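J.: Got a sequence here, can you model it:
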Amino acid sequence: MELNDGNLQTLTEFMRKTLDPDPSVRRPAEKFLESVEGNQNYPILLLTLLEKSQDNVIRVCAAVTFKNYIKRNWRIIEDEPNKISDPDRTTIKANIVNLMLSSPEQIQKQLSDAISIIGREDFPLKWPDLLTEMVTRFQSGDFHIINGVLRTAHSLFKRYRHEFKSNELWLEIKLVLDTFANPLTELFKATIELCQTHATDINALKILFSSLALISKLFYSLNFQDLPEFFEDNMETWMSNFHNLLTLDNKLLQTDLVSNAIQFLASVCERPHYKHLFEDQNTLTSICEKVIVPNMEFRSADEEAFEDNSEEYIRRDLEGSDIDTRRRAACDLVRGLCKFFEGPVTAIFSGYVNSMLGEYAKNPGVNWKHKDAAIYLVTSLASKAQTAKHGITQANELVNLTEFFVNHILTDLKSQNVNEFPVLKADAIKYVMIFRSQLPKEQLLQAVPLLVAHLQAESTVEHTYAAHALERLFTMRGPNNSTLITPAEMAPFTEQLLNNLFKALALPGSSENEYIMKAIMRSFSLLQEAIVSYIPTLIGQLTHKLLLVSKNPSKPHFNHYLFESLCLSIRITCKANTTTVGSFEEALFPVFTEILQNDVQEFVPYVFQVMSLLLEIHTSSIPNSYMALFPHLLQPVLWERTGNIPPLVRLLQAYLEKGGATIASSAADKIPGLLGVFQKLIASKANDHQGFYLMNSIIEHMPTESIVQYRKQIFILLFQRLQSSKTTKFIKSFMVFINLYGVKYGAIALQEIFDSIQPKMFGMVLEKIVIPEVQKVSGPVEKKICAVGITKILTECPAMIDTEYTKLWTPLLQALIGLFELPEDDSIPDDEHFIDIEDTPGYQTAFSQLAFAGKKEHDPIGEVVSNPKILLAQSLHKLSTACPGRVSSMLSTGLNAEALQYLQGYLQAASVQLV
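T.: Here you go, the predicted model:
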């Protein structure tokens, strides 16, 4: 792409279209940008746009597009082409810092992120002048520019806090300190002085304090691994100013400091060293009365968030977001004080709780906030230990949770009007949810129909909490590892539960509510066959929802639970009656076709998983509707995205399992394409195991004559990869493959194909790979395949008895007995430790495994061999009968005593003897 006005205009037009809400306009524009991003000058055109466009929306759009482009493509991945040309890389690094610092804040943040991504890969070796360029900007005096530099430096250096110590790391930190430490210290001093100069200007202080916060983070990162000499020499400067900041009393900044101050108190009171500070009853009473109780109140800001910004309220309240709230801090302080003073603190607060509940009872309509604070206080007091999976796991024994539930929580849940006092209803639901492990089962069962009723509440927070509480209750374990609440106990409420959950998705603000969709998934999973009669109606609603969200996927968790719910519908219904698979295909295929045609990248991996599940359920030959899609699955563009690879391989495996013969007869021209996929996958360290999954299915299910002409080439490709890059993962997969080949086609065929590539190759593979490495094979099915394959080599391959390969017979048997009896060798060479991490391309749509689309582990040998040790004994007996005396003499000369003892045990168990 040339750097000219025409191309800038074209890019501008397509950028504008990517912002269009209409998917028929937006998607083709996204496709166009995707198709041209591999061209030279594409990123330079984006940078030109974000610098020179007159339209601010286009500038921001170009900045976001550029950052995402860098995320996807900057890292150079072994085995894959370089996606950004070297001249473009040089131009980007020469211009991006200057551009970032001269851009408005919205664009600056995007470019700062891009610099961090590039810096992670290229700094310092390939970008040595980055820091010098940044440090010179400290002199500008413009805090917009200075904060841009500090933000970027922070994102570059914060990894020093968690990196392993190494020489490379020390050298990098030293280089950073030589360039950065002194200018940072000077900037720190200058900023402190400016704070004193502008002590009465709130706007100036906000900017200066944001700079000081970033400077402090940088100081922390640079001192994390060790205390550098420079900072040791300048400790007085840093520590005296830090002390001044900690004791600063500026009225203009106090509003933001309250929760931090309470949080500080909470962390101090938990430490035995400071216990004496809180022992006095007056001190405790004063903290409870003056600090905790006032900050437990439901403030007007909380009320606004509850009503108008429910998503943020839920995130803060349920998930504990990063935003510190006064309530959260006060709650932490209660827990901290209870660590050493549980009795006195509980006694003080019991009085407050009773008085708050008394105020509420006088006039509920006006005083409802008193009850809200009382519930929050009880929750804080009672909670000693908590997990996401079980809620509160350890409670304050001085608080009677059951009594409080009956007297104060149940009344709100039983209220006929679910829309009255929504905050108190949400409090009551949350109480059930977090104390679910402490409340007796009968009270939980009493709560279930009440929670189902609250799914109809107008308040988004209230019906979301109801869905979340039900979902958590349904995951509780009872005796014998079954669910605590059984499908039989749910029978009276099943219809209302399913109706209300699906109706809740139609309530304003909840059309893509992830908590509701997760509750639908969990209800299906709990109820199992009890949902079968409802599925014909519900599947229509689920597919309609899928069609809507596929236009513009924006809620990844919601989408994931939606696909899980589809998988459960299919599994449960088809378990009862496999012929119903056709009706699911009728319902889903039109939507799936649209998703695949529009290339909705977020959904494509899910579609492949659901299609695999459907195809695996079929009992007869492969349906025509699947065969029509088969050629499209081999298109290279689909295999470029790492998130597609695991589900696509599984889908192709399902095709081979159900229709190997059909492919051989009606799509033989596609076999080279199938082998092309295998070739691409085994060339990659990250995906080679997927290539072997595919090849194992080809060997197992394709008719022999359909692949005979390709077999030699397959082995040559594997040997080429062995020579270029021999990793432990590859060796393990290779061993399973060659043994499966031996099981399917016979040991003689295996020996002949090796020796046809190069004379004596079979012996080299046994000696250099199988004998020394077979102990590394893991997994029961994989071990079984290797055991049966090696047994065949030992007992059904004449070359092992009559040629120079005979010397390998006893060591191979010894290795096989080791596979049976010795622990697995899970050691990995040092240079491979991080291979799976480093080789996985970052920033692409990740593959999200659907739990309920799970594939059963397949055993290609099956019941033919139930015990490989018995098979070995029987096969050796058969061989010794054919060659009397030979087997015994080979055993006596080469096998060690321990292995011989194990072998005698196998022979006894099989009731056979050697001749």
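J.: Show me which residues of stretch 172-185 are buried.
T.: 172-173, 176-177, 179-181, 183-185 (16 or more other Cβ atoms under 10 Å). To be clear about C-beta, it is placed using only N, CA and C from the backbone, and glycine gets the same treatment.
J.: likewise stretch 406-424?
T.: By neighbour count on 16+ other Cβ under 10 Å, the buried set for stretch 406-424 is 408-410, 412-413, 415, 418, 421-424.
J.: just to revisit the earlier point, quick one: the buried residues of stretch 172-185 as TSV, columns for secondary structure, distance to residue 151 and pLDDT too.
T.: Shown next, in TSV, are the buried residues of stretch 172-185 (DSSP: H, G, I helix; E, B strand; the rest coil; distance: Cβ to Cβ, whole Å; pLDDT from 0 to 100):
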residue	secondary structure	distance to residue 151	pLDDT
172	helix	20	92
173	helix	20	93
176	helix	16	95
177	helix	20	95
179	helix	18	94
180	helix	14	95
181	helix	18	96
183	helix	16	96
184	helix	14	96
185	helix	19	96
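J.: wait, which of those is closest to residue 210?
T.: Set against residue 210, the nearest of the buried residues of stretch 172-185 by Cβ to Cβ is residue 184 (15.6 Å).
J.: Give the closest residue to the closest one in space, chain neighbours not counted.
T.: In space, and not counting its chain neighbours, residue 184 is closest to residue 218: 6.2 Å by Cβ to Cβ, 6 or more residues apart in numbering.
J.: And that neighbour, how close does it get to residue 42?
T.: Distance, residue 218 to residue 42, using Cβ to Cβ, to the nearest Å: 34 Å.
J.: Same question for residue 707.
T.: Distance from residue 707 to residue 42, counting by Cβ to Cβ: 41 Å.
J.: who's more crowded, these two?
T.: Taking neighbours as other Cβ atoms under 10 Å, residue 707 and residue 42 compare with residue 42 leading, 21 against 18.
J.: tell me the phi and psi of the more buried one?
T.: phi -60, psi -50 (degrees, to the nearest 10).
J.: Tell me, how many residues neighbour the residue nearest to residue 184?
T.: Residue 218, neighbours per other Cβ under 10 Å, totals 22.
J.: and what of residue 637?
T.: Neighbours around residue 637, by other Cβ under 10 Å: 10.
J.: Just say helix, strand or coil for it.
T.: Assigned by DSSP: H, G, I helix; E, B strand; the rest coil, the conformation of residue 637 is helix.
J.: Quick check: it vs residue 722, distance?
T.: For residue 637, the distance to residue 722 - Cβ to Cβ - is 29 Å.
J.: And residue 754, by the same measure?
T.: Taken as Cβ to Cβ, the span from residue 754 to residue 722 is 12 Å.
J.: the more surrounded of these two?
T.: Using other Cβ under 10 Å, the more surrounded residue of residue 754 and residue 722 is residue 754, with 20 against 16.
J.: do you know how far the nearest residue to the more buried one once chain neighbours are set aside is from residue 607?
T.: Of all residues not flanking residue 754 in the chain, residue 762 sits nearest, at 3.9 Å (Cβ to Cβ, 6+ apart). Distance of residue 762 to residue 607, given as Cβ to Cβ: 43 Å.
J.: which one of those two has more residues nearby?
T.: residue 762 (26 against 22).
J.: Check the offset of the host helix or strand of residue 544 from the chain's centre.
T.: When elements are assigned from DSSP states H and E, residue 544 belongs to helix 535-550. How far helix 535-550 lies from its chain's middle: 26 Å, per Cα atoms, centre = their mean, to the nearest Å.
J.: Tell me the buried residues in it?
T.: Neighbour counts over helix 535-550 (16+ other Cβ under 10 Å) mark 535, 538-539, 542-543, 545-546, 549-550 as buried.
J.: Run through the neighbouring helices and strands of that helix.
T.: Judged by 3 or more Cβ pairs under 8 Å, 6 or more residues apart in numbering; DSSP states H and E, the packing partners of helix 535-550 are helix 494-504, helix 556-576, helix 581-597.
J.: hang on, the earlier thing: correct me if wrong: the residue nearest to residue 754 contacts residue 805.
T.: Yes. Residue 762 lies in contact with residue 805 (Cβ atoms under 8 Å); the separation is 6.8 Å.
J.: helix/strand/coil for the residue nearest to residue 184?
T.: For residue 218, the assignment made with three-state DSSP gives helix.
J.: From residue 244, how far out is it?
T.: 18 Å.
J.: and what of residue 631?
T.: For residue 631, the distance to residue 244 (Cβ to Cβ) stands at 72 Å.
J.: same question, residue 817
T.: Residue 817 is 73 Å from residue 244, by Cβ to Cβ.
J.: between those two, which one's more packed in?
T.: residue 817 (21 against 12).
J.: Give the burial count for residue 675, as a bare number.
T.: Neighbour tally, residue 675, other Cβ under 10 Å: 19.
J.: what does residue 68 give?
T.: 15.
J.: thinking again about what came up before, ok, so of the buried residues of stretch 172-185, who is nearest residue 703?
T.: Checking the buried residues of stretch 172-185 one by one against residue 703 (Cβ to Cβ), the nearest turns out to be residue 172, at 57.5 Å.
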